[in-house]
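Enquirer: Provided below for reference: sequence and predicted model.
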Protein chains: 2
Amino acid sequence: MNENNNITMKDIARELGVSVATVSRALKDSPRISAAQKERIQTFAREHNFFPNMLGEALRHSKVQPMKVIGVIVPEFVHYYFMSVLSGIEEEARARGYRVMVAQSNERYDKEVAICEDFYKNKVCGIIVSQAKDTKQYAHFEKLMNNGVPLVFYDRICTGVNCSRVVVDDYMGAFTAVTHLVDTGCKKIAFYGSPMNMEISKNRYNGYHDALVKHGLTENPDWVRICDNRAQAEVLTPEILREENHPDAFFAINDDTAIGILYTAKRMGFDVPNDISICGFTNGDRAKACDPMLTTVEQRGVAVGEEAANILIGLVEGSTPTHDVEKRVVRTRLVVRGTTR
Amino acid sequence: MNENNNITMKDIARELGVSVATVSRALKDSPRISAAQKERIQTFAREHNFFPNMLGEALRHSKVQPMKVIGVIVPEFVHYYFMSVLSGIEEEARARGYRVMVAQSNERYDKEVAICEDFYKNKVCGIIVSQAKDTKQYAHFEKLMNNGVPLVFYDRICTGVNCSRVVVDDYMGAFTAVTHLVDTGCKKIAFYGSPMNMEISKNRYNGYHDALVKHGLTENPDWVRICDNRAQAEVLTPEILREENHPDAFFAINDDTAIGILYTAKRMGFDVPNDISICGFTNGDRAKACDPMLTTVEQRGVAVGEEAANILIGLVEGSTPTHDVEKRVVRTRLVVRGTTR
């Protein structure tokens, strides 16, 4: 990935028997490291023709102001939540003199890898990314980090690398939503989620589960299903609602799925919210277009984007050490509308 | 705007008594211009330290590959249609080796001006823009053009400058939609639009008007209103529907407004589509979230974005002369769903 040579900060660290963080600090002329150590590492880096792709570095050692460009990788543009995040990133970046370069992975691993390489070659000063559903290998992210490119994940974080990230409190969001369903009289609550290898799905399921336990309700395994979009919900829901013993409420991992449940329940003659209550997760612009309007967990994309840009710029400008890992959690908020009692 | 000197292509043209297009061609070493003329213009430009910000130029005269970056200005990110367009731009750009830098004007003129300057300083090779609602002066666009930065408008085109653009066939889209309302038995059709200084509103109104005339219906001026969002529609519609003589159909300039009409009509006890038919314009993701699902004109944002990037890259690479103006029209398509009979 490093075009001119194959050496990375990790290589230097291994070669000299120090940590990557120490190499990073030495190359950034940090006061947190001894002069002798600094000299040794800097000399080695120079001799091996190593130029870390760090803006902070460039700012200090170059007369020319490099482009302050943040690369943002989005699974898809036409998606309410990702665009809210991009909006927050751009606002924060612009206010601090940075520009934003964007690319969409279309949920594909190979495209994500190509974008990382392209952003690296074009010397973005850091990358903010929500990974593709398809991504199960992380070498492309590790390479960026080993080459000193600050990386921040949001929403779909990569559990394979230890890296800065911004997420929402998925667990608490789900716990609060399910508690609201219980408080409004629901006793038989179903959960529709994504596969459990996705961090957000696992956390939202745990919030759902613990809320049931706390209120003395038992989970029916038939009602905990992998179903995370409207088309799937419109296939699965009739099957579940046709049973005599059926749920009186659904908690869905996103608004799209919740809207699929809503339409199916109405078409089958159920009254929403009196027969069936429904709660989503996102609060995108569709939540107010459906009828009744959707009760949902507001995911605060703009705030997530601002936090992500804030962490990244801290890493880029060296106010946060490059190899420190920052994890921030943005609080969700339950928005009660017409699909719950 | 040109940082190092104040001279522009326009200045050179005036000084030498030639057109801006001729200056552009001379600086691009175009074969369409005489050697003597070329020499004269190039010498003048060199002597006045003029470096046009053109990628084609750079590609020919520089050893270093400049960054192939397209600047995209969007009124707001969290907006279905604009994101569809961005998606099309990014796909086309990436396929041709370009990257995309984005910024949102938040519908503000001052922000739009600042973004143009910032993009220019950062040497984007061209800019694709949908102008802010707020923008009534065009000097910032003219400056870019005079400095040889290719510019392409989409959706909200700037009528103040003669520039390449991609629009949808707003007139035909509206004409087809209103014809469908008439064909399904509607006789009293209202129009909700934006102020008529907006090109898209004027064209959609004209399509509406001509469809009425063609079918021997008369326009009721009380039913042609400035109303282009849901909140306004929820205030205005009860007033219109309370009258004994009220419309039996509404054609709205966008889906958001159409959804406002739909909810109001249902709340007032009207049956949609049997008492009141409704047609929108966009076909965003809310169109399938409302109930009944919305009949609407599909605006094909991805195709618009692809065309815009295509024109821009043509201008950048010199296959299209920089000062030629290309106008492309993308066809809309009526999507019939549940809000019309």
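Expert: Sure thing, it's come through.
Enquirer: name the next helix or strand downstream of whatever helix or strand residue A:239 lives in, please.
Expert: Per DSSP states H and E: residue A:239 is located in helix A:230-242. Using DSSP H and E, the helix or strand that directly follows helix A:230-242 along the chain is strand A:249-252.
Enquirer: what's downstream of that following strand, the next helix or strand?
Expert: Remark: after strand A:249-252, the chain's next helix or strand is helix A:255-267, criterion DSSP H and E.
Enquirer: next one: that following helix to chain centre, how far?
Expert: Distance, stretch centre to chain centre, for helix A:255-267: 25 Å (Cα atoms, centre = their mean, to the nearest Å).
Enquirer: also stretch A:107-125?
Expert: 17 Å.
Enquirer: quick one: mean pLDDT for it?
Expert: Across stretch A:107-125, pLDDT averages out at 94.
Enquirer: now swap in stretch A:201-209 and tell me
Expert: Rounded mean pLDDT across stretch A:201-209 is 97.
Enquirer: would you mark the buried spots in it?
Expert: The neighbour-count check on stretch A:201-209 (16 or more other Cβ atoms under 10 Å in any protein chain shown) flags A:201-205, A:207-209 as buried. The way it works is simple: take the backbone N, C-alpha and C, and place the C-beta from them, glycine included.
Enquirer: so which of those residues is the closest to residue B:255?
Expert: Distance to residue B:255, by Cβ to Cβ, is smallest for residue A:204 among the buried residues of stretch A:201-209, at 29.6 Å.
Enquirer: which non-adjacent residue is nearest that closest one?
Expert: Sequence neighbours aside, residue A:174 is the residue nearest to residue A:204 in space, at 4.1 Å (criterion: Cβ to Cβ, 6 or more residues apart in numbering or on different chains).
Enquirer: can you find the helix or strand of chain A with the lowest average pLDDT?
Expert: Least confident helix or strand of chain A, by mean pLDDT, DSSP states H and E, is helix A:55-61 with a mean of 43.
Enquirer: helix or strand for the residue at the greatest distance from the centre of chain A, which one?
Expert: Centroid-distance maximum for chain A: residue A:36 at 40.2 Å, with Cα atoms, centre = their mean. According to DSSP H and E, residue A:36 maps onto helix A:35-47.
Enquirer: who touches that helix?
Expert: A:12, A:15-16, A:18, A:22-23, A:26-27, A:29-30, A:52 (Cβ atoms under 8 Å, 6 or more residues apart in numbering or on different chains).
Enquirer: what mean pLDDT does it get?
Expert: Regarding helix A:35-47, the rounded mean pLDDT is 81.
Enquirer: roughly how far out does it sit from the chain middle?
Expert: On Cα atoms, centre = their mean, the centre of helix A:35-47 falls 37 Å from that of its chain.
Enquirer: residues of that helix that come out buried?
Expert: A:38, A:41, A:44-45.
Enquirer: what are the bridge partners for residue A:73, then?
Expert: Taking DSSP bridges as the rule, residue A:73 bridges to residue A:103, residue A:129.
Enquirer: how about the contacts made by residue A:70?
Expert: A:89, A:93, A:98-101, A:124-128, A:309, A:312-313.
Enquirer: and if we set it to 10 Å?
Expert: Neighbouring residues of residue A:70 by Cβ atoms under 10 Å, 6 or more residues apart in numbering or on different chains: A:55, A:89-90, A:92-93, A:96, A:98-102, A:119, A:124-128, A:150, A:152, A:308-309, A:312-313, A:316.
Enquirer: go on, residue A:83?
Expert: Here residue A:83 is in contact with A:74, A:76-77, A:284, A:301-302, A:305, B:74, B:76-80, B:82-83, B:86, B:104 (Cβ under 10 Å, 6+ apart).
Enquirer: by how many degrees do whichever strand or helix holds it and helix A:255-267 diverge?
Expert: Element membership of residue A:83, judged by DSSP H and E, is helix A:80-95. Helix A:80-95 runs at 150 degrees relative to helix A:255-267, counting by axes from the mean of the first three to the mean of the last three Cα atoms, to 10 degrees.
Enquirer: quick one: mean pLDDT over helix A:80-95.
Expert: 97.
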